[in-house]
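K.L.:
generate a structure from the sequence data that follows.
(one chain, ligands or ions: 1)
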Amino acid sequence: MDSETRQSAAHWDQMYAAARGATWHTDETISAYIEQRQFGKQGHWLGHIFQDVVKFRPKRLLSIGCGAGDHELAIARAGLAEEVHAFDASEVGIAQAQQTALAENLNANFFVDTFETFIDREFPQKFDTIMFVGSLHHVENMNDMLAKVSSLLTDDGKVMYNEYIGPCYISFPDERVALINHVLRSIPAEFKVSPDAQWRNPTMQEIQKLDPSEAVRSALIPQFLRLYFDVEWERGFGGGLLHPLFQQLNVNRLAVGDAASDAVVSMLIGIEQLLEDQAILPCDFVLGIACQKANAA
Ligand SMILES: C[S@@+](CC[C@H](N)C(=O)[O-])C[C@H]1O[C@@H](n2cnc3c(N)ncnc32)[C@H](O)[C@@H]1O
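P.N.:
Here you go, the predicted structure:
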């Protein structure tokens, strides 16, 4: 394991060992907004994507960068795939996933591996579904990873992705930083982590110290996916404003769920939608299904 991967794995070990923090998509109102954008109805995306888009029950599913296995355990529990295989560099995450799979007697095989060694690993059988949930944006060598996925995917298999595709290292252009901070200034102090909370792009030192894999090549994802696969179905689900802004919000105050907190979140959703509709703000998150290229020659 190289030093950057070791640093990243250590970061995720710590994250999985601690209680899960709130993120923009764990907020109930924002989650309902995302579900509406993805499928035009409420309900978790996993159920909808298997039932409405994939439309077959995978025999062998592989998840790359599964973390503590939340999605893979949900798939196994709901019987959405026959066999579930999944790996991650975080030993803590994999141990938690294995423990739950064992305790619930689920047909899910979790193992520790890194993206870098996976690329050279042989598998006895191909997979009919390969998924990335918040993990492709942690892959630096996109060419080798996507070529490997294509070589491991059956001819009629599907690649499922739910990803951040915004600026690399979540380092926004100046205009976006100004826009985020303009909106932040208009939010009452009690709803922010501090009265003068502002977004600041991470420095290279901070990136290297915390998680060097965070959004390492995220902005390349849409183009690279299309070089290796045909995209069959894709939905953007925003996050251009809500994702960075949420980190500056006081989640305990929002959790009160009174009229004032509902109004703040609803207004922020409205601002994101308006700015996206006016092409002022890009969409930073996508959910999609791709297949082997029809004209691979
Ligand atoms: C945002 S988390 C997503 C985890 C999981 N898919 C989920 O949705 O909860 C990104 C994951 O990528 C993993 N990761 C980062 N770099 C990696 C590498 N080089 N090899 C394997 N996993 C890696 C991290 O350990 C982390 O669990």
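K.L.:
avg pLDDT for stretch 108-127?
P.N.:
Regarding stretch 108-127, the rounded mean pLDDT is 97.
K.L.:
and the stretch 51-200 of the chain, which of its residues are near the ligand?
P.N.:
Residues of the stretch 51-200 of the chain that fall close to the ligand, judged by C-beta under 6 Å from any ligand atom: 65-67, 70-71, 88-90, 93, 114-116, 133-135, 138. C-beta here means a position set from N, CA and C on the backbone, and glycine is covered the same way.
K.L.:
if we use 5 Å, what do you get?
P.N.:
Residues of the stretch 51-200 of the chain lying close to the ligand by C-beta under 5 Å from any ligand atom are 65, 67, 88-90, 114-115, 133-135, 138.
K.L.:
how about Asp128, secondary structure?
P.N.:
At Asp128, secondary structure determined by DSSP: H, G, I helix; E, B strand; the rest coil is strand.
K.L.:
surely it touches Asp155?
P.N.:
No. Distance between Asp128 and Asp155: 9.5 Å, which falls outside the contact criterion (C-beta atoms under 8 Å).
K.L.:
okay, the two: which has more neighbours?
P.N.:
Asp128 (22 against 8; other C-beta atoms under 10 Å).
K.L.:
for that one, what are its contacts?
P.N.:
By C-beta atoms under 8 Å, 6 or more residues apart in numbering, the contact list for Asp128 reads 56, 58-61, 153-154, 156-158.
K.L.:
looking at the residues you listed, which one is closest to the ligand?
P.N.:
Nearest to the ligand among these: Leu61, at 13.1 Å, using C-beta to the nearest ligand atom.
K.L.:
for the strand or helix carrying that closest one, name the packing helices and strands.
P.N.:
In this assignment (DSSP states H and E), Leu61 forms part of strand 60-64. The contact analysis (3 or more C-beta pairs under 8 Å, 6 or more residues apart in numbering; DSSP states H and E) places strand 60-64 against helix 70-78, strand 83-88, strand 127-133, helix 142-152.
K.L.:
span of stretch 253-264 from start to end?
P.N.:
One end of stretch 253-264 sits 11 Å from the other (C-alpha to C-alpha, to the nearest Å).
K.L.:
please report how far Ser186 lies from the ligand.
P.N.:
30 Å (C-beta to the nearest ligand atom, to the nearest Å).
K.L.:
so what does that residue look like in phi/psi?
P.N.:
Per-residue torsions, Ser186: phi -90, psi 0 (degrees, to the nearest 10).
K.L.:
if we can go back for a sec, restricted to buried residues, select the contacts of Asp128 in PyMOL.
P.N.:
The following PyMOL line selects those of these that are buried, judged by 16 or more other C-beta atoms under 10 Å:
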select buried, resi 58+60+61+153+154+157+158
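K.L.:
which one of the contacts of Asp128 is nearest Gly79?
P.N.:
Closest approach to Gly79 among those (C-beta to C-beta): Pro58, at 10.9 Å.
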